[in-house]
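# Coordinates for the following, if possible.
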Amino acid sequence: MQITWESQQGSQRQANRDAAAVGISGEYLVAVVADAAERFAGKRRLNGANKAAQGLAQYWANSIVSEIVSNGAYNNEASLLTLLNNKHQRLKEHYLHDLASYGLLILNTETNEFQWWFTGDCCLGLSIDGNTIEWLGTLNRLENFPLLGKKAPSNLLTECLKARRYSRPTCIRGKLSAGQSLVIATDGYWCEHLRSGTPLLSLEDDASWLTIKSTIESMIESTPVTTASPAANPEVRAKSDTENLLCIPPLIKINA
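Residues are numbered from 1 along each chain as shown. Next comes the predicted model:
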């Protein structure tokens, strides 16, 4: 299995507030991509940070993947939602004014079945040729729920991750076909770059995308996953302007 993480700061952002975490436990791969908004009151920054100097996106991605990998909440929906709710209740201490979108992927590398849980506008897509991407689901953006026929701002969220209110994530379930790869993207990539056609070097927003490509052996021949198989020990290529990718346990990580 090959995992590629690419992430860049937007020209109108003071820091790259996108983050991702990837974990492996047995036959399961768990990944979270999160995209936090920059928040200001006048000239005063409202974005919080914990004692490890982590912003909301990095904290949420790292802690969710770490806990799922450690407690095995893969296919038990009630346990997973309880975990997310409990994590949400701890946000007020450091992230009272923060907002973020996130998506959580749980992939069974033996059956190629996946769960995709999301709140906000981080998007999951399926790709065969590496260029054409079929994006899944209806994102929590006001443009998808027009009011009185008026065009809504494209980036206004109807649901998001914030300390003051818990939003139950939407779930999509599916199964990869032979040769397909998964792409998880923040809106800077799928919307500003791909949909609007803005060149990567000219993007105003942070843009990040995580690509998960299964090996031919595990995808087509359904080779059982072992501790020595590519699916259990993926190669991770990271190209980012900041250290915003966590691998659990530490995987083969190459700076591309």
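
# which SSE is the closest residue to Cys122 other than its chain neighbours in?
Spatially, and ignoring its direct neighbours in sequence, Cys122 is nearest to Gly103 (3.9 Å; C-beta to C-beta, 6 or more residues apart in numbering). For every residue, glycine as well, the C-beta is placed using N, CA and C. Using DSSP states H and E, Gly103 sits in strand 99-108.

# What is that strand packed up against?
Contact partners of strand 99-108 among helices and strands, from 3 or more C-beta pairs under 8 Å, 6 or more residues apart in numbering; DSSP states H and E: strand 28-36, helix 56-71, strand 113-119, strand 123-127, strand 161-162, strand 181-185.

# So what are the sheet partners of it and their directions?
strand 28-36 (antiparallel), strand 113-119 (antiparallel), strand 161-162 (antiparallel) (DSSP bridges).

# Averaged pLDDT, the next helix-or-strand element following the first one. What do you get?
Same thing as strand 28-36. Elements were assigned by DSSP H and E; along the chain past strand 28-36, the next helix or strand is strand 40-41. Averaged across strand 40-41, pLDDT comes to 74.

# next one: stretch 195-207
Stretch 195-207 comes out at a mean pLDDT of 96.

# Not counting that stretch itself, show me its contacts.
Contact with stretch 195-207 is made by 7-13, 16-18, 35, 185-189, 192-193, as judged by C-beta atoms under 8 Å, 6 or more residues apart in numbering.

# okay, and the helix or strand of the protein with the least pLDDT?
When each helix and strand of the chain is scored by mean pLDDT, DSSP states H and E, helix 216-220 comes last, with a mean of 38.

# just how off-centre is the strand holding Gly103 within its chain?
Strand 99-108 sits 5 Å away from the centroid of its parent chain (C-alpha atoms, centre = their mean, to the nearest Å).

# Would you mind getting the angle between that strand and strand 123-127?
Counting by axes from the mean of the first three to the mean of the last three C-alpha atoms, to 10 degrees, strand 99-108 lies at 40 degrees to strand 123-127.
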